[in-house]
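*Asks:* missing the sequence, but the structure's below:
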């Protein structure tokens, strides 16, 4: 019978003692169990890998866009929040087109806030 994706399973793992000690120290700093620390670090690693894949896909799309559309695209991506939004925000800040589009968007939003 297939396991459910939400099912928690026991997993036997072999690591060097030095690594186990480092993980245990970090777990104590975070007030986590060793198991929780390992799971947390594995999840972060996979999320980071997924973020890199998304970043590469976005970079490919942006590379094919006309230069004047890049800034507004980055600003739009920044608006979705999360790690992708943070990446887009950073990219918008370091590009001339992105800065210009962000400033334009902020200027456009300012009158709307004052009208509330």
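*Replies:* Arrived safely, thanks for sending. Values in this document were obtained by computation on a predicted structure and should not be read as measured data. Numbers count the residues shown, from 1 in each chain.

*Asks:* okay, CA-based contacts and neighbour counts for the rest of this
*Replies:* Will do.

*Asks:* just name the shakiest helix or strand of the protein by mean pLDDT.
*Replies:* helix 96-115 (a mean of 63; mean pLDDT, DSSP states H and E).

*Asks:* quickly list the domain ranges of the protein.
*Replies:* Here the domain parsing of the chain from automatic domain parsing is 15-50, 65-116.

*Asks:* in what helix or strand does residue 24 lie?
*Replies:* Assessed by DSSP states H and E, residue 24 sits inside helix 17-29.

*Asks:* mean pLDDT lowest for which of the domains of the chain?
*Replies:* For the domains of the chain, the bottom mean pLDDT is recorded on domain 65-116, which sits at a mean of 67.

*Asks:* longest helix of the chain?
*Replies:* Longest helix in the chain, counting residues (DSSP state H): helix 34-63.

*Asks:* so what secondary structure elements neighbour the helix or strand following that one?
*Replies:* Helices and strands here follow DSSP H and E; after helix 34-63, the next one along the chain is helix 67-78. In terms of contacts (3 or more Cα pairs under 8 Å, 6 or more residues apart in numbering; DSSP states H and E), helix 67-78 is packed against helix 82-94, helix 96-115.

*Asks:* so what's the residue count around residue 71?
*Replies:* Neighbourhood size, residue 71 [other Cα atoms under 10 Å]: 23.

*Asks:* hang on, I meant residue 25
*Replies:* Neighbours of residue 25 under the rule other Cα under 10 Å: 15.

*Asks:* check the one 3 residues further on too.
*Replies:* By the other Cα under 10 Å criterion, the neighbourhood of residue 28 contains 13 residues.

*Asks:* likewise residue 70?
*Replies:* Other residues lying near residue 70 total 21 when counted by other Cα under 10 Å.

*Asks:* measure it to residue 100 for me?
*Replies:* Separation of residue 70 from residue 100 (Cα to Cα, to the nearest Å): 10 Å.

*Asks:* residue 50 now?
*Replies:* For residue 50, the distance to residue 100 - Cα to Cα - is 29 Å.

*Asks:* out of these two, which sits in the busier spot?
*Replies:* Comparing residue 50 with residue 100 by other Cα under 10 Å, the one with more neighbours is residue 100, at 17 against 12.

*Asks:* give me the nearest residue to the more buried one, chain neighbours excluded.
*Replies:* Excluding the flanking residues, the one nearest residue 100 by Cα to Cα, 6 or more residues apart in numbering is residue 71, at 7.0 Å.
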